[in-house]
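Student: Whatever this is, show me its structure:
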Amino acid sequence: MKNDKLSLNRWIAEAEEKGQSLQEFLIEYNTRQLECDRAQLLDKMKEMLRVMRKSIESGLTGVRSHSGLTGGDARKLQQAKSCGLLGEKARDAVIFAMAVGECNAAMGRIVAAPTAGASGVLPGVFFALEKHYNLSEETLAEGLVVAGSIGLVIADRASLAGATGGCQAECGSAAAMAAGAAVTMLGGTPSQAGTAAAIVFKNILGLVCDPVAGLVEVPCIKRNGSCALQALAAAELALCGIGSFIPADEAIDAMKSVGDALPCALRETAGGGMAATPTALAWAKQYFSQDKDK
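Tutor: The predicted structure is shown next:
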């Protein structure tokens, strides 16, 4: 890996050397890079948060996709009585993440964080934490700077595209971004944020991109909910002082090497994985046949 690549490890080391939180270090870094001030940067983050919130609200109305394949599950989960398997924080993260995924599938407005197909993970984690920890909009905006900065490193060292690296590069990256941001919003150290991001990639390495009929619906929407849980689990481990033997940069580099090795059928082409199951193929044939007749 070239030395000029962005480095989360280096940012963490610099933040700790200066005695800064990771969010403060990255806010300063981004204001320099974008030639703006702190207020302008955080205002932009708050604008994105408002879009994310509205996406959740839209998804929870039970909107359905044009294909009719998905929609209403987030609302159903919200209205169902809890089975007690998940705590309320985790359950809300899944509900919110799936709601954004369903809003996206219904052609609603979302924030591609980092992509449309992975757009539910960050809102799921952020707004679940806001609800249960009474986080301020300012704290969420600062967390979004951290999440975006982690995404910059991933994009530079690897990829954020399912067509390039599989879903590990989309939902996996979103989960790593959310995990690192969650740690900072809950008062964790820069090193703990890096640990959380690394743990996510270790747990999600090799996740393929296999959308049924090429639509960002199945298995994408439920995968957003599951990856929100991955982010929470990684953040919990890091905040409890559990480290990662593999540092963040190396975990990202490993994700790239695995993505490069994935066959084309498992990179968003609908040629493998869930997209190639008999049920998926039969549904796709019927769907495209109907579309052609219109």
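
Student: And the helices in the stretch 101-250 of the chain?
Tutor: 121-133, 137-157, 162-165, 171-185, 190-204, 220-239, 248-261 (DSSP state H, counting those that start in this stretch).

Student: for these, which one sits closest to residue 49?
Tutor: helix 137-157 (5.6 Å; CB to CB). C-beta here means a position set from N, CA and C on the backbone, and glycine is covered the same way.

Student: Flag every buried residue along the closest one.
Tutor: Neighbour-count burial for helix 137-157 flags 139-155, 157 (criterion: 16 or more other CB atoms under 10 Å).

Student: which helices and strands sit right next to that helix?
Tutor: Here helix 137-157 touches helix 8-18, helix 22-34, helix 38-59, helix 121-133, helix 171-185, helix 248-261, going by 3 or more CB pairs under 8 Å, 6 or more residues apart in numbering; DSSP states H and E.

Student: list the contacts for the residue nearest the centre of the chain?
Tutor: Geometric centre of the chain, nearest residue: residue 174, 2.1 Å, by CA atoms, centre = their mean. Residue 174 makes contact with 113-115, 118-119, 121-122, 224, 227, 231, according to CB atoms under 8 Å, 6 or more residues apart in numbering.

Student: can you do 7 Å?
Tutor: Applying CB atoms under 7 Å, 6 or more residues apart in numbering to residue 174 gives the contacts 113-114, 118, 121-122, 227.

Student: For residue 163, the count of nearby residues, please.
Tutor: 13 (other CB atoms under 10 Å).

Student: Against residue 266, how distant is it?
Tutor: Residue 163 sits 11 Å away from residue 266, going by CB to CB, to the nearest Å.

Student: go on, residue 62?
Tutor: Taking CB to CB, one finds residue 62 at 32 Å from residue 266.

Student: ok, residue 16 - how many residues close by?
Tutor: Using other CB under 10 Å: residue 16 sits among 15 other residues.

Student: Could I get the contacting residues of residue 215?
Tutor: 67, 69.

Student: Quick check: pLDDT value at it.
Tutor: For residue 215, the pLDDT comes out at 97.

Student: With residue 37 instead?
Tutor: 98.

Student: what's the answer for residue 3, then?
Tutor: 59.

Student: Quick check: which ranges of the stretch 101-250 of the chain have low pLDDT?
Tutor: Scanning the stretch 101-250 of the chain for pLDDT under 70 picks out nothing.

Student: What count of nearby residues applies to the closest residue to residue 52 other than its chain neighbours?
Tutor: Of all residues not flanking residue 52 in the chain, residue 123 sits nearest, at 4.0 Å (CB to CB, 6 or more residues apart in numbering). Using other CB under 10 Å, residue 123 has 31 neighbouring residues.

Student: from memory residue 123 sits against residue 100, does it?
Tutor: Yes. Look at residue 123 against residue 100 with CB atoms under 7 Å: they come within range, at 4.9 Å.

Student: Can you check which residues contact both of these two?
Tutor: Common neighbours of residue 123 and residue 100 (CB under 7 Å, 6+ apart) are 52, 55-56.

Student: out of the residues you listed, which one sits closest to residue 254?
Tutor: Using CB to CB, the shared contacts of residue 123 and residue 100 come closest to residue 254 at residue 52, 29.3 Å.

Student: Can you point out the buried residues in stretch 25-39?
Tutor: Neighbour-count burial for stretch 25-39 [16+ other CB under 10 Å]: 25-27, 29-31.

Student: Same question for stretch 162-182.
Tutor: Under 16+ other CB under 10 Å, the buried positions of stretch 162-182 are 162, 164-182.

Student: likewise stretch 43-51?
Tutor: 44-45, 48-49, 51.

Student: Equivalent analysis for stretch 67-85, please.
Tutor: In stretch 67-85, counting by 16+ other CB under 10 Å, buried: 67, 69-71, 73-75, 77-78.

Student: Please narrow those residues to those residing in helices.
Tutor: Under the assignment DSSP state H, the buried residues of stretch 67-85 contribute 73-75, 77-78 to helices.

Student: I'd like the residues you listed as CSV, with pLDDT and distance to residue 273 appended.
Tutor: Shown next, in CSV, are those (pLDDT from 0 to 100; distance: CB to CB, whole Å):
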residue, pLDDT, distance to residue 273
73, 98, 20
74, 98, 23
75, 97, 27
77, 96, 24
78, 96, 28
